[in-house]
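> Provided below for reference: sequence and predicted model.
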Amino acid sequence: GQSLEQPSEVTAVEGAIVQINCTYQTSGFYGLSWYQQHDGGAPTFLSYNALDGLEETGRFSSFLSRSDSYGYLLLQELQMKDSASYFCAVREGGNNRKLIWGLGTSLAVNP
Amino acid sequence: DTGVSQDPRHKITKRGQNVTFRCDPISEHNRLYWYRQTLGQGPEFLTYFQNEAQLEKSRLLSDRFSAERPKGSFSTLEIQRTEQGDSAMYLCASSPGGPISYEQYFGPGTRLTVT
């Protein structure tokens, strides 16, 4: 079967660093994406890893280990506006580029 | 604004009625996706178009659901004989073609409530 596991909730304080883990089991694997979604809003793209290693984009970084079927999203210098849900999603490959999504991690950033 | 747009933003309907939603993708994007999201869940893939061709439809989708993209631009999603379990946010996303088109751009969604 297909499954993506990530923690349901994470709490942190402003200025801190938080890591959101994602393990996956899918029929195919082409890459791992991360999306942010604020309450009532649409998902917005954060990062994508197709190869092992770390990708850095400003305060956000994402890591992938294909051999471990594992990735994480690292958020640094947390701000209140980072309070949102964060989803990992696997691109299964093939021509359709569809994404299989996890259940999401709700991040609360406190003052 | 040249982002993905969806219409309507909200729809309330009675069980058994048909509803149709529209999605206008970013103009140069040839790939279009429909997802459904319920509270506390991640988006669930429904169907995918490349230009006007519907290349994949989720096995979870019943025959009451149909989608079209007649000219390879906007798309419509129709739900016939709606059921209360159809209540959800329906999200449309688009992406450009090409080997590095991994980012999907989402519209604001249509929230459907079936009473």
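Alright, I've got the coordinates.
> Pull the contacting residues for A:Gln76.
Neighbour list for A:Gln76: A:Ile17, A:Arg59, A:Phe60, A:Ser61 [criterion: CB atoms under 8 Å, 6 or more residues apart in numbering or on different chains]. Any C-beta I mention is one placed from the backbone N, CA and C, and that applies to glycine too.
> Name the nearest residue to the closest residue to chain B within chain A, sequence neighbours excluded.
In chain A, the residue that lies nearest chain B is A:Trp101 (3.2 Å; CB to the nearest CB). Distances taken as CB to CB, 6 or more residues apart in numbering or on different chains put B:Gly42 closest to A:Trp101, at 3.2 Å, once the chain neighbours are dropped.
> Could you tell me which residues of chain A lie near chain B?
A:4, A:31, A:33, A:41-45, A:48, A:50, A:87, A:89, A:91, A:95-104 (CB under 8 Å from any CB of the partner chain).
> and if we set it to 6 Å?
Within chain A, the positions adjacent to chain B are A:Gly31, A:Ala42, A:Pro43, A:Phe45, A:Tyr48, A:Phe87, A:Asn96, A:Lys98, A:Trp101, A:Gly102, A:Leu103, A:Gly104 by CB under 6 Å from any CB of the partner chain.
> In terms of pLDDT, where does the spatially closest residue to the first one that is not a sequence neighbour sit?
With CB to CB, 6+ apart as the criterion, A:Gly31 has its nearest non-adjacent residue at 4.0 Å, and that residue is A:Ala50. Here, the pLDDT recorded for A:Ala50 equals 91.
> count of residues packed around B:Gln80?
Each residue near B:Gln80 was counted by other CB atoms under 10 Å in any protein chain shown, and the total is 14.
> Next: A:Thr23.
Number of residues near A:Thr23 (other CB under 10 Å) recorded here: 16.
> same thing with B:Thr110?
22.
> Would you check that it makes contact with B:Gln6?
Yes. Shown here, B:Thr110 and B:Gln6 form a contact pair, counting by CB atoms under 6 Å, at 5.2 Å.
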